[in-house]
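S.K.: model this:
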Amino acid sequence: MNLIYLGFTLTILMLNVAGLTLVARQLLPLTALARAAGILIFCLVMFFIEHFVGLGNLTWMWPITTLVSVFILWRRRSQFCDKEVWHAELVFVLAFLYGFMWRYSFPDLDAGSEHLSDLYYITNYLSGSTLPPLDRWYPPHVFNFYYAFQHYSAALMARIFGLDSGTAYNIAFALLMALPVTLAWYVTSCFIKTRWHRVLLMVVLISGGTGFSPLMPFVLDNTGTEPYWASAIRVIGSQRFIGDTELPATNRVKTAIGERLFPSLRTDQKPTPNFVQRQLPQETFGYQYFLGDYHPPIGGYFLLMFALALIAAMEAGSIGRIGQAFLAFSVPVVLITQTWVFPLQGFLVTCWIAYRYWKKDPPDWGVFLAGGLIGFVLIFPFLTLFSMHDGGVAIKLVGRIDHTPLDRFIGLHWPLMVLLLLGMTQPSTRKISIMFALTFGLLLVISEVFYVDDPSGEQYERTNTTMKWWGWIWVGGLVSLGSVCLGSTARYARWGAVVTLALVSVVAYDEARYFILNDKVDMGHIEGHHWYTNNSANRDLFKYLKTAPDGIVLENHYDHAYTNTGIHALFSGKTALIGWVAHLGTWHGEISDVWMLEGQIQAFYKAELPNSLDWLIANNVQYVVWGPVENGKVSHAFSMIDQQIASRYTWKGFAEGEDARIGVWVRKR
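M.R.: Predicted coordinates:
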């Protein structure tokens with residue numbers, strides 16, 4: 001039954017996307033661009049409107065929009081005879097199915113990586129209240145800090161199609177990942193005539209390799225490791241080798257070759273006695289399939305590919321001045337989608353402007369500025385309510401001790417360096433290839449000169465910056481320069497690109513091996529919480545909270561972040577008393593009350609909090625969860641808590657027994 005429901009839901013979703021695409025083709029006559037623009041405009045207009053009036057539950061919409069979509073598809077069915085249309089639709093469907101295959105096979109939304117924090121972002125928007133909504137990890141404050149647009153869009157989809165938060169997360173991930181793939185395929189078609197060259201470039205994009213990828217089997221020693229995990233280590237290492245995977249603390253052992261290529265830092269080489277090697281990761285587009293995070297970088301990759309596809313289409317003469325408007329439009333949207341790469345997107349568009357002056361075909365400034373202005377108007381309500389607690393971030397110069405070691409820098413970026421060199425020297429499409437080479441080459445240099453000074457420090461000083469910037473630069477350089485080099489009339493450019501990309505693509509073997517060999521114990525449970533609710537008592541507790549009246553849920557805190565804290569509130573659509581305090585400190589700035597509150601919560605669950613009943617009432621707690629991990633932690637804690645709060649809270653148990661108790665205290669009316 002669940003499979004039938006899921007198939008029906010995806011069919012309805014795809015019909016709506018197809019109908020919206022055909023409508024948007026009136027503006028942009030290319031299917032890949034029309035699909036991206038249609039979805040983007042619809043979500044952004046709704047985002048704008050709901051800052052003035054919340055539209056609440058929108059499930060009434062999907063029967064209407066589906067009927068309208070079917071009508072449009074029927075009336076314009078002749079367009080599907082157009083090779084460009086059905087090719088683009090086929091690529092989109094295949095890309096969606098690939099992403100959905102990953103989420104269907106590994107649907108768990110747990111404390112690993114940013115799964116739960118991204119789910120929290122989506123959950124904040126599910127009520128359909130006037131924006132900004134209540135912050136469900138920090139009530140009664142509102143949720144109005146950076147890069148939440150793609151999460152709003154996922155919640156909007158959930159509200160229209162009646163999806164729970166976990167299902168919306170997994171479907172939205174596949175949908176958003178499919179859009180850049182379709183746009184990248186279009187870019188390759190503008191420059192590359194040989195199909196297998198285009199396929200090779202797409203394999204590299206989707207598998208997410210880096211310069212370290214072909215080196216991993218020789219650099220890391222995985223002897224004695226489970227085959228699927230050995231492959232996972234190589235996939236992770238290709239992204240996070242510098243200062244992370246290479247360190248002994250991660251239980252990874254470098255081979256003799258690895259030590260010769262990338263020697264460990266000796267004590268006498270440290271710039272300061274307490275120096276710790278800097279963690280400088282690069283998370284590419286394809287790595288997101290493996291990671292499974294519905295995190296802002298994938299929205300940033302979408303807008304990057306949208307910009308590159310617009311540039312390619314304008315260069316090919318396939319679209320007119322409207323492309324300039326949408327190119328300018330993409331810049332402000334980045335600001336609310338992936339704030340970290342806003343300067344990079346702006347730099348790309350600025351380089352395109354310089355390129356148009358170079359070829360003596362300057363932009364139509366009226367159209368260009370109109371597109372940018374419309375974008376800023378649509379995000380303005382969000383900006384006016386933007387949180388003032390931005391953590392005090394600023395762009396600063398990279399300190400001497402924080403620079404990337406030269407051997408690691410070359411090891412990671414050598415494929416991009418090769419493409420940059422080939423792009424600067426190959427004769428065909430010379431001006432645009434030089435523009436791409438200068439754009440992404442300068443950005444690579446800039447990434448080693450400047451960084452975003454967020455609250456992280458020491459070995460993590462540049463971690464967030466390189467993670468976001470390097471991946472964006474690599475993907476942009478790969479698709480643009482890879483396309484012009486593989487489509488070059490010069491044999492050295494084509495074969496230089498082929499050899500480079502073929503070496504990088506070896507990571508696809510490890511990803512496939514990881515996918516095939518890894519146990520898929522929760523496969524098909526697209527709601528994302530089966531890893532926890534496969535226990536009947538946990539499942540019954542989830543069901544109860546989901547249907548119970550709205551109210552604040554109290555759950556114990558096991559650490560500052562990346563724990564199961566808040567899962568009962570998140571999956572039931574309720575509000576937690578507080579969420580991950582480390583993340584709240586990053587998003588809201590230094591807020592001392594959450595650290596104090598976390599300590600009080602921990603004392604409460606140990607039955608050591610004075611006046612615990614008054615404390616619960618003062619914090620307006622409606623539900624107090626006792627989960628399986630609480631059993632046996634503190635002797636007699638349950639009975640003592642029950643005695644302290646029984647006058648105002650009723651215990652509802654779903655499993656009983658001294659060491660197996662699961663349930664919730666519910667505040668009496």
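S.K.: So which bits of the top helix by length along the chain are buried?
M.R.: Criterion DSSP state H: the longest helix present in the chain is helix 165-191. Of all the residues in helix 165-191, those buried under the rule 16 or more other Cβ atoms under 10 Å are 165-191. (C-beta placed from N, C-alpha, C; glycine too.)
S.K.: what do you get for stretch 7-22?
M.R.: 9-10, 12-22.
S.K.: Helices of the stretch 551-669 of the chain, residue ranges please.
M.R.: Secondary structure of the stretch 551-669 of the chain by DSSP state H, counting those that start in this stretch: the helices cover 567-572, 581-588, 592-605, 612-618, 637-645.
S.K.: Mean pLDDT lowest where, among those?
M.R.: Lowest mean pLDDT within the helices of the stretch 551-669 of the chain: helix 581-588, at a mean of 78.
S.K.: before we move on, back to that, tell me which of the helices of the stretch 551-669 of the chain is the most buried.
M.R.: Ranked by mean neighbour count, the helices of the stretch 551-669 of the chain are led by helix 567-572 with a mean of 25 (mean count of other Cβ atoms under 10 Å).
S.K.: Restrict that one to CA atoms and write it as PDB.
M.R.: Output in PDB follows, covering the C-alpha atoms of helix 567-572 (Å, rounded to 0.1, in the frame of the first residue of the first chain):
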ATOM      1  CA  ILE A 567      13.500  13.700  17.000                       C
ATOM      2  CA  HIS A 568      10.100  13.200  18.700                       C
ATOM      3  CA  ALA A 569       9.200  16.900  18.200                       C
ATOM      4  CA  LEU A 570      10.600  17.000  14.600                       C
ATOM      5  CA  PHE A 571       8.800  14.000  13.200                       C
ATOM      6  CA  SER A 572       5.600  14.800  15.000                       C
END
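S.K.: My read is that residue 276 contacts residue 459, right?
M.R.: Yes. The criterion here is Cβ atoms under 8 Å, and residue 276 meets it with residue 459 at 4.2 Å.
S.K.: which of those two has more neighbours?
M.R.: residue 459 (17 against 14; other Cβ atoms under 10 Å).
S.K.: ok, that one touching residue 274?
M.R.: No. Using Cβ under 8 Å, residue 459 is not in contact with residue 274, being 10.5 Å away.
S.K.: What distance do you get for the residue nearest to residue 86 when sequence neighbours are not counted to residue 239?
M.R.: Excluding the flanking residues, the one nearest residue 86 by Cβ to Cβ, 6 or more residues apart in numbering is residue 80, at 5.3 Å. Going from residue 80 to residue 239 by Cβ to Cβ, to the nearest Å gives 39 Å.
S.K.: repeat for residue 380
M.R.: According to Cβ to Cβ, residue 380 and residue 239 sit 36 Å apart.
S.K.: tell me which element the closest residue in space to residue 51 that isn't next to it in sequence falls in.
M.R.: Excluding its sequence neighbours, the residue lying closest to residue 51 (Cβ to Cβ, 6+ apart) is residue 381, at 3.5 Å. Using DSSP states H and E, residue 381 maps to helix 365-384.
S.K.: From the contact counts, what lies against that helix?
M.R.: Applying 3 or more Cβ pairs under 8 Å, 6 or more residues apart in numbering; DSSP states H and E, we find helix 365-384 packed against helix 31-49, helix 322-337.
S.K.: One more pass at 10 Å, please.
M.R.: On a contact count with 3 or more Cβ pairs under 10 Å, 6 or more residues apart in numbering; DSSP states H and E, helix 365-384 meets helix 31-49, helix 149-161, helix 322-337, helix 342-358.
S.K.: neighbour count winner among residue 80 and residue 239?
M.R.: Comparing residue 80 with residue 239 by neighbour count (other Cβ under 10 Å), the higher total belongs to residue 239, at 27 against 13.
S.K.: Hmm, that one is touching residue 283, no?
M.R.: Yes. Counting by Cβ atoms under 10 Å, residue 239 does reach residue 283; the two are 5.5 Å apart.
S.K.: joint contacts of these two?
M.R.: Residues touching both residue 239 and residue 283 (Cβ atoms under 10 Å, 6 or more residues apart in numbering) are 208, 210, 290, 291, 467, 470, 471.
S.K.: helix or strand for the fifth one, which one?
M.R.: What that stands for is residue 467. For residue 467, the host element (DSSP H and E) is helix 463-486.
S.K.: rewinding a little: which of the buried residues of stretch 7-22 sits closest to residue 104?
M.R.: residue 10 (10.4 Å; Cβ to Cβ).
S.K.: wait, what's in contact with that closest one?
M.R.: 96, 97, 100, 161, 171, 174, 175 are the contacts of residue 10 under Cβ under 10 Å, 6+ apart.
S.K.: ok so, going back, tabulate the helices of the stretch 551-669 of the chain (TSV), appending distance to residue 113.
M.R.: Formatted as TSV, those follow (distance: least, Cβ to Cβ, whole Å):
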stretch	distance to residue 113
helix 567-572	15
helix 581-588	13
helix 592-605	22
helix 612-618	32
helix 637-645	31
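S.K.: nearest to residue 538, of these?
M.R.: Taking Cβ to Cβ, helix 567-572 is the member of the helices of the stretch 551-669 of the chain nearest to residue 538, at 9.1 Å.
S.K.: what's that closest one packed up against?
M.R.: Judged by 3+ Cβ pairs under 10 Å, 6+ apart, helix 567-572 is in contact with helix 115-124, helix 165-191, helix 530-533, helix 536-547, strand 552-554, strand 575-576, strand 621-626.
S.K.: can you give me the angle the helix holding residue 381 makes with helix 149-161?
M.R.: Here the directions of helix 365-384 and helix 149-161 differ by 80 degrees (axes from the mean of the first three to the mean of the last three Cα atoms, to 10 degrees).
S.K.: Skip ahead from helix 365-384 and say which helix or strand is next.
M.R.: Following helix 365-384 toward the C-terminus (DSSP H and E): strand 394-397.
S.K.: which outside residues touch that next one?
M.R.: Defining contact as Cβ under 10 Å, 6+ apart, one finds that strand 394-397 is touched by 343, 446, 449, 450, 451, 452, 453, 454, 461, 465.
S.K.: Please name the nearest non-neighbouring residue to the first one.
M.R.: I take that to be residue 343. Spatial nearest neighbour of residue 343, excluding adjacent residues (Cβ to Cβ, 6+ apart): residue 395 at 7.5 Å.
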